[in-house]
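Novice: please work out how this folds:
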Amino acid sequence: MSDPTERPGTGPAPDHDAWERACAEDLAAENARRREESGAGYEPGSAAEELRKLVDAVADKVSAFQLPAAAGAAQGAVQQLVAQAKAAVEPVIERNPEVFDHLAAAGSELLAAYRAAVQGQEARWTRDEPAREPREPGNGEGTGGGSERIDLD
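Specialist: Modelled structure (predicted):
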(Lines give C-alpha, C1' and ligand atoms only; values in the text may rest on other atoms or scores of the structure.)
Protein backbone atom coordinates (compact mmCIF):
# COMPACT_ATOMS: atom_id res chain seq x y z
CA MET A 1 0.00 0.00 0.00
CA SER A 2 2.02 2.93 -1.24
CA ASP A 3 -0.90 5.33 -1.16
CA PRO A 4 -1.88 6.31 2.41
CA THR A 5 -5.55 6.56 1.41
CA GLU A 6 -5.62 3.08 -0.09
CA ARG A 7 -7.58 0.60 1.97
CA PRO A 8 -6.93 -3.15 2.19
CA GLY A 9 -9.09 -5.16 -0.17
CA THR A 10 -9.77 -2.30 -2.58
CA GLY A 11 -6.82 -2.88 -4.94
CA PRO A 12 -6.48 -5.49 -7.64
CA ALA A 13 -6.68 -9.10 -6.52
CA PRO A 14 -3.29 -10.76 -6.04
CA ASP A 15 -2.29 -13.18 -8.76
CA HIS A 16 -1.50 -16.39 -6.88
CA ASP A 17 -0.35 -18.22 -10.01
CA ALA A 18 2.11 -15.55 -11.18
CA TRP A 19 5.15 -17.29 -9.68
CA GLU A 20 4.18 -20.63 -11.19
CA ARG A 21 3.65 -19.08 -14.63
CA ALA A 22 6.94 -17.16 -14.44
CA CYS A 23 8.82 -20.35 -13.51
CA ALA A 24 7.17 -22.28 -16.34
CA GLU A 25 8.07 -19.53 -18.83
CA ASP A 26 11.68 -19.48 -17.61
CA LEU A 27 11.92 -23.26 -17.83
CA ALA A 28 10.49 -23.28 -21.36
CA ALA A 29 12.96 -20.58 -22.44
CA GLU A 30 15.89 -22.47 -20.90
CA ASN A 31 14.82 -25.73 -22.57
CA ALA A 32 14.55 -23.95 -25.93
CA ARG A 33 18.01 -22.45 -25.46
CA ARG A 34 19.51 -25.85 -24.64
CA ARG A 35 17.79 -27.49 -27.62
CA GLU A 36 19.24 -24.80 -29.86
CA GLU A 37 22.74 -25.27 -28.44
CA SER A 38 22.72 -29.06 -28.61
CA GLY A 39 21.51 -29.41 -32.15
CA ALA A 40 18.44 -27.54 -33.20
CA GLY A 41 15.88 -29.56 -35.02
CA TYR A 42 16.77 -32.96 -33.57
CA GLU A 43 13.65 -35.04 -33.59
CA PRO A 44 13.85 -38.45 -31.93
CA GLY A 45 13.02 -41.38 -34.15
CA SER A 46 10.89 -44.34 -33.33
CA ALA A 47 11.60 -46.31 -30.20
CA ALA A 48 13.29 -49.00 -32.31
CA GLU A 49 15.62 -46.44 -33.93
CA GLU A 50 16.45 -44.94 -30.54
CA LEU A 51 17.18 -48.40 -29.10
CA ARG A 52 19.49 -49.12 -32.03
CA LYS A 53 21.31 -45.82 -31.36
CA LEU A 54 21.62 -46.72 -27.68
CA VAL A 55 23.05 -50.16 -28.44
CA ASP A 56 25.54 -48.62 -30.87
CA ALA A 57 26.58 -45.95 -28.34
CA VAL A 58 27.08 -48.52 -25.57
CA ALA A 59 29.10 -50.74 -27.92
CA ASP A 60 31.28 -47.77 -28.89
CA LYS A 61 31.87 -46.78 -25.27
CA VAL A 62 32.75 -50.31 -24.19
CA SER A 63 35.19 -50.73 -27.07
CA ALA A 64 36.82 -47.37 -26.20
CA PHE A 65 37.72 -48.41 -22.64
CA GLN A 66 41.46 -48.67 -22.17
CA LEU A 67 42.22 -51.34 -19.61
CA PRO A 68 45.66 -52.37 -18.35
CA ALA A 69 47.41 -55.19 -20.19
CA ALA A 70 46.52 -57.65 -17.43
CA ALA A 71 42.82 -57.02 -18.08
CA GLY A 72 43.14 -57.49 -21.85
CA ALA A 73 41.40 -60.86 -21.78
CA ALA A 74 38.53 -59.41 -19.77
CA GLN A 75 38.20 -56.54 -22.24
CA GLY A 76 38.04 -59.02 -25.10
CA ALA A 77 35.33 -60.98 -23.29
CA VAL A 78 33.31 -57.82 -22.63
CA GLN A 79 33.59 -56.74 -26.27
CA GLN A 80 32.48 -60.21 -27.36
CA LEU A 81 29.52 -60.04 -24.99
CA VAL A 82 28.52 -56.62 -26.35
CA ALA A 83 28.82 -57.91 -29.92
CA GLN A 84 26.60 -60.90 -29.07
CA ALA A 85 24.02 -58.68 -27.40
CA LYS A 86 24.01 -56.37 -30.41
CA ALA A 87 23.62 -59.34 -32.75
CA ALA A 88 20.67 -60.58 -30.67
CA VAL A 89 18.93 -57.19 -30.51
CA GLU A 90 19.28 -56.21 -34.17
CA PRO A 91 17.00 -58.96 -35.61
CA VAL A 92 14.34 -58.25 -33.00
CA ILE A 93 14.41 -54.56 -33.87
CA GLU A 94 14.22 -55.34 -37.58
CA ARG A 95 11.31 -57.80 -37.31
CA ASN A 96 9.24 -56.04 -34.63
CA PRO A 97 9.94 -52.30 -34.51
CA GLU A 98 6.39 -51.56 -33.37
CA VAL A 99 6.96 -53.62 -30.20
CA PHE A 100 9.39 -51.01 -28.96
CA ASP A 101 6.90 -48.23 -29.66
CA HIS A 102 4.35 -50.13 -27.56
CA LEU A 103 6.90 -50.68 -24.77
CA ALA A 104 7.77 -46.98 -24.78
CA ALA A 105 4.08 -46.07 -24.61
CA ALA A 106 3.55 -48.56 -21.77
CA GLY A 107 6.47 -47.03 -19.88
CA SER A 108 4.95 -43.58 -20.30
CA GLU A 109 1.61 -44.85 -19.00
CA LEU A 110 3.29 -46.48 -15.99
CA LEU A 111 5.08 -43.22 -15.23
CA ALA A 112 1.79 -41.30 -15.50
CA ALA A 113 0.13 -43.79 -13.16
CA TYR A 114 2.95 -43.43 -10.65
CA ARG A 115 2.74 -39.66 -10.79
CA ALA A 116 -1.01 -39.76 -10.25
CA ALA A 117 -0.60 -42.11 -7.29
CA VAL A 118 2.01 -40.05 -5.46
CA GLN A 119 1.09 -36.50 -6.47
CA GLY A 120 -1.07 -35.92 -3.41
CA GLN A 121 1.56 -37.36 -1.07
CA GLU A 122 4.28 -35.21 -2.62
CA ALA A 123 2.10 -32.13 -2.18
CA ARG A 124 1.68 -32.95 1.51
CA TRP A 125 5.44 -33.44 1.88
CA THR A 126 6.19 -30.06 0.37
CA ARG A 127 3.60 -28.33 2.56
CA ASP A 128 4.89 -30.17 5.67
CA GLU A 129 1.48 -31.58 6.42
CA PRO A 130 1.28 -34.72 8.51
CA ALA A 131 0.61 -37.82 6.47
CA ARG A 132 -2.51 -39.85 7.00
CA GLU A 133 -1.90 -42.89 9.11
CA PRO A 134 -1.86 -46.17 7.21
CA ARG A 135 -5.01 -48.23 7.51
CA GLU A 136 -5.05 -51.66 9.02
CA PRO A 137 -6.77 -54.23 6.86
CA GLY A 138 -10.37 -54.56 7.90
CA ASN A 139 -10.96 -51.61 10.23
CA GLY A 140 -9.96 -48.58 8.15
CA GLU A 141 -8.36 -46.81 11.11
CA GLY A 142 -4.78 -45.66 11.57
CA THR A 143 -2.23 -48.02 13.00
CA GLY A 144 -0.25 -45.38 14.83
CA GLY A 145 2.98 -46.52 13.12
CA GLY A 146 5.74 -44.04 12.45
CA SER A 147 6.24 -44.75 8.76
CA GLU A 148 4.41 -42.97 5.99
CA ARG A 149 2.63 -45.05 3.37
CA ILE A 150 1.04 -44.06 0.12
CA ASP A 151 -2.52 -45.28 -0.19
CA LEU A 152 -3.11 -46.52 -3.74
CA ASP A 153 -6.77 -47.43 -3.17
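
Novice: C-alpha only now, for contacts and for neighbours.
Specialist: OK.

Novice: now do S46 against Q80, distance only.
Specialist: Counting by Cα to Cα, to the nearest Å, the gap from S46 to Q80 is 27 Å.

Novice: actually R33, sorry about that
Specialist: From R33 to Q80 the distance is 40 Å (Cα to Cα).

Novice: what about the helices in the chain?
Specialist: 18-39, 47-64, 72-95, 97-126 (DSSP state H).

Novice: present the ones you listed as CSV; the columns should include mean neighbour count and distance to I150.
Specialist: Converted to CSV, the helices of the chain look like this (neighbours: other Cα atoms under 10 Å; distance: least, Cα to Cα, whole Å):
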stretch, mean neighbour count, distance to I150
helix 18-39, 11, 26
helix 47-64, 15, 32
helix 72-95, 13, 38
helix 97-126, 13, 7
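
Novice: adding mean pLDDT, write these out as TSV.
Specialist: Formatted as TSV, the helices of the chain follow (pLDDT from 0 to 100):
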stretch	mean pLDDT
helix 18-39	85
helix 47-64	82
helix 72-95	81
helix 97-126	86
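
Novice: residues in contact with the nearest residue to S63 once chain neighbours are set aside?
Specialist: Spatial nearest neighbour of S63, chain neighbours left out: Q79 (6.3 Å); criterion: Cα to Cα, 6 or more residues apart in numbering. Each residue near Q79 by Cα atoms under 8 Å, 6 or more residues apart in numbering is listed here: 59, 62-63.

Novice: again, but for E98
Specialist: Residues counted as contacts of E98 (Cα under 8 Å, 6+ apart) are A48.

Novice: distance-wise, check it relative to R52.
Specialist: 13 Å.

Novice: tabulate the contacts of Q79 (a markdown table), appending distance to V92.
Specialist: Shown next, in a markdown table, are these (distance: Cα to Cα, whole Å):
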| residue | distance to V92 |
| --- | --- |
| A59 | 17 |
| V62 | 22 |
| S63 | 23 |
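
Novice: which one of those residues is nearest A105?
Specialist: Among the contacts of Q79, A59 lies closest to A105 (Cα to Cα), at 25.7 Å.

Novice: find the nearest non-adjacent residue to the closest one, please.
Specialist: Nearest non-adjacent residue to A59 (Cα to Cα, 6+ apart): V82, at 6.1 Å.

Novice: the one you found and D60 touch, don't they?
Specialist: No - V82 is not in contact with D60 according to Cα atoms under 8 Å; the separation is 9.6 Å.
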